[in-house]
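Student: my questions concern the predicted model and sequence given below.
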Amino acid sequence: MKYQVLIIGGGTAGLMTAAQLKKANKDLNIALIEPSETHYYQPAWTLVGAGTYDFENTARPTKNFIPKGVTWIKDRATGFDAPNQIVKTAESGDIGYEYLVVAPGLVMDYDRIEGLAEAIDKGVVCSNYTDPKHTWEVLKNFKGGNAIFTQPSGAIKCGGAPQKIAYLAADYVRKHGLQSKTNLAFLTPGTTIFGVKEIRETLLKVIDRYGMIFKPHMEPVKIDGKKQKIWFKYNGPEDKKPLFDGTGKLEGKELENGLIEMHFDMLHLAPPQAAPEFIRTSDLVNDGGWLEVDQYSMQHKKYANIFGLGDVAGLPTAKTGAAIRKQVPVVVDNILKLIASKQADNHSYNGYSSCPLVTAYGKMVLAEFDYDGNFTPDPKLKQMLISDSSKEHWRLWMLKKYMLPYLYWNKMLKGEKV
C-alpha cells in the first residue's frame, strides 16, 4: 500500500488536516492511521470533572469524521523507515507515502512519578486527563481536609487544565460551605501561575479570592494513594524555599532526604506525558523526545516530506486544540505546495495557542498568546461584547461550554476554518 499523503493519528490534528486537504483537492489519495473507534472532545473533560458536563457528550464515533474519500486504516503505527518513505504498523504491514503527517498525540508516562500508576483514578486520587468522571465522584464526596492540585515537570497537553479544576473545586467548596474545613493548594514545578502577564494578574486575584495556597517550584515525585500521602521536591531558589514544619495552614514536613511530605484528602494531578514510544525511539525526535519540526512551518528538520503538528510536535508553545487550529492550515498549504513542485515556504505559524481558564462555575478567562508570550486576544471576541478576555466573564464561560464544542464537532473537524 502506498498513498500520496499518509496521516498518523485520528485526533484533532489528523482529522483536521485530512479534511482541509480534501477540501483543497478532492483528488488527493489520502490515508489515515488511527486504531480508536471513538473520538473524544477532551477540552470538555475539565467541566465533566466538575459535574457540569456529561461525559457521554464528549464522545463521538471516529468514522463520522473521516472525510469522504480518505482511507481509514484502523491500526496502530509502530515505527518508521523514513529514508524509504515507509510507516510500519501493528497489523497492516508497511505503508508507503509521498508525504507524511505525524500527529499521534501524546501518551501518559506514569512511571516518572513513583506510585502514580497504582494510585491514579482510585480512592481520592483523580485526574481529568484520564477519568474525569472519577474526579467528579471524588469532588462530590469531599467533606473537607487537604485538597491538593498539582502537575508534573515537562510538557503536558493544555498546561492550564491542572489549575482549572482547582478553581472549580474551590468554587464547589465555597458553594457547599466547606471553606472553614478545607485547605486548597495548587503546587506546581513552574515558576509562576501563568506566563502571560495579563492573565497572571487575574489568576493571582482568583487564587486570593479562594484563599488558595499557591506554591511554585514544587515537583511531585512520589504518591502513596492508600496512605493518602504525596512527596514533592523543591526546585526553586533556596532563599525562597517555603517552610514546611507542620505549623502552616497546609501541613507538610521536610524529610531528611529533602523531600516534602504532605497528607491529602483529595489529590488531582496531571500525569507526566510524553510522545508515543514509536516516536521517541525513531530518528524523528529532538533531544526532549518530541517530533523535531520547524516551529514556523511544521516541516520536519531532517525529512522535507514529513510534517508534524499537534501534541507530539516539539514546539515552544502550549499543546492545545487551539494551537492545532492555527497549525493545520500552514501544514496543508506547505504540502499542497510540495505536491505542485513548489517550495514549502509557508512559515506563518507564530506559536498561537489558547487556554480557556475556567475560574468558577459561570466564569472564565481566555488566555491567547504566541511564541513570545504576548497576549493576543481574538478581535472576534468584541462581537461577543467581551472587551478584555484577560478578565473573568460569564460570556467566556458560555463560549467554553456551548460554542467551542459546537464549533469543534461541526466546523473544525470538517475542515472549515474558524
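Tutor: Noted; the coordinates are in hand.

Student: please, where are all the strands along the stretch 51-200 of the chain?
Tutor: Applying DSSP state E, counting those that start in this stretch to the stretch 51-200 of the chain gives strands spanning 59-61, 71-73, 77-81, 86-89, 94-102, 107-108, 125-126, 145-150, 182-187.

Student: so can I have a markdown table of those strands showing mean pLDDT and mean neighbour count?
Tutor: Just so you know, the C-beta spots here come from the backbone N, C-alpha and C atoms, and that holds for glycine as well. Output for these, formatted as a markdown table (pLDDT from 0 to 100; neighbours: other CB atoms under 10 Å):
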| stretch | mean pLDDT | mean neighbour count |
| --- | --- | --- |
| strand 59-61 | 98 | 12 |
| strand 71-73 | 98 | 18 |
| strand 77-81 | 98 | 17 |
| strand 86-89 | 98 | 20 |
| strand 94-102 | 98 | 21 |
| strand 107-108 | 98 | 17 |
| strand 125-126 | 98 | 26 |
| strand 145-150 | 96 | 23 |
| strand 182-187 | 95 | 24 |
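
Student: let me see the contact set for the spatially closest residue to Gly314 that is not a sequence neighbour.
Tutor: Nearest non-adjacent residue to Gly314, counting by CB to CB, 6 or more residues apart in numbering: Trp290, 3.2 Å away. By CB atoms under 8 Å, 6 or more residues apart in numbering, the contact list for Trp290 reads Ala155, Ala275, Ile279, Val312, Ala313, Gly314, Leu315.

Student: the last one: how many residues sit nearby?
Tutor: Under the neighbour criterion other CB atoms under 10 Å, Leu315 is assigned a count of 25.

Student: check contacts around it.
Tutor: Neighbour list for Leu315: Trp290, Val293, Gln295, Ala323, Gly351 [criterion: CB under 8 Å, 6+ apart].

Student: closest to Val48 out of those?
Tutor: Comparing the contacts of Leu315 against Val48 with CB to CB places Ala323 closest, at 21.9 Å.

Student: check which residues of the worst-scoring helix or strand of the chain on mean pLDDT are buried.
Tutor: In the chain, the helix or strand scored least confidently by mean pLDDT, DSSP states H and E is strand 252-254, which has a mean of 82. Neighbour-count burial for strand 252-254 flags Gly252, Glu254 (criterion: 16 or more other CB atoms under 10 Å).

Student: please name the nearest non-neighbouring residue to Gly195.
Tutor: Nearest in space to Gly195, with sequence neighbours left out and distances taken as CB to CB, 6+ apart, is Gly373 at 5.2 Å.

Student: mind checking which of the contacts of Trp290 land in strands?
Tutor: Using DSSP state E, the subset of those located in strands is empty.

Student: can you pull out the strands in the stretch 251-400 of the chain?
Tutor: Remark: strands assigned in the stretch 251-400 of the chain by DSSP E, counting those that start in this stretch are 252-254, 260-263, 266-269, 273-274, 306-308, 353-360, 363-369.

Student: where does the stretch 151-300 of the chain have low pLDDT?
Tutor: Scanning the stretch 151-300 of the chain for pLDDT under 70 picks out the ranges 245-249.

Student: swap in 80 and give it another go.
Tutor: Counting by pLDDT under 80, the ranges of the stretch 151-300 of the chain that qualify are 242-251.

Student: could you pull out the helices in it for me?
Tutor: Listed in chain order, the helices of the stretch 151-300 of the chain (DSSP state H, counting those that start in this stretch) span 161-175, 197-210, 277-280.

Student: can you tell me which of those is packed in deepest?
Tutor: Most buried of the helices of the stretch 151-300 of the chain, by mean neighbour count (mean count of other CB atoms under 10 Å): helix 161-175, with a mean of 23.

Student: list of residues touching that one?
Tutor: Residues outside helix 161-175 that contact it (CB under 8 Å, 6+ apart) are 46, 49-52, 128-129, 135, 139, 142, 147, 149-151, 156, 179, 182, 184, 186, 188, 193, 203, 206, 210, 212, 266, 268-270, 357-361.

Student: quick one: that helix to helix 197-210, angle?
Tutor: Angle, helix 161-175 to helix 197-210, by axes from the mean of the first three to the mean of the last three CA atoms, to 10 degrees: 30 degrees.

Student: start the count at 35 instead of 1 going forward.
Tutor: Noted, 35 is the first residue going forward, which turns the last one into helix 195-209.
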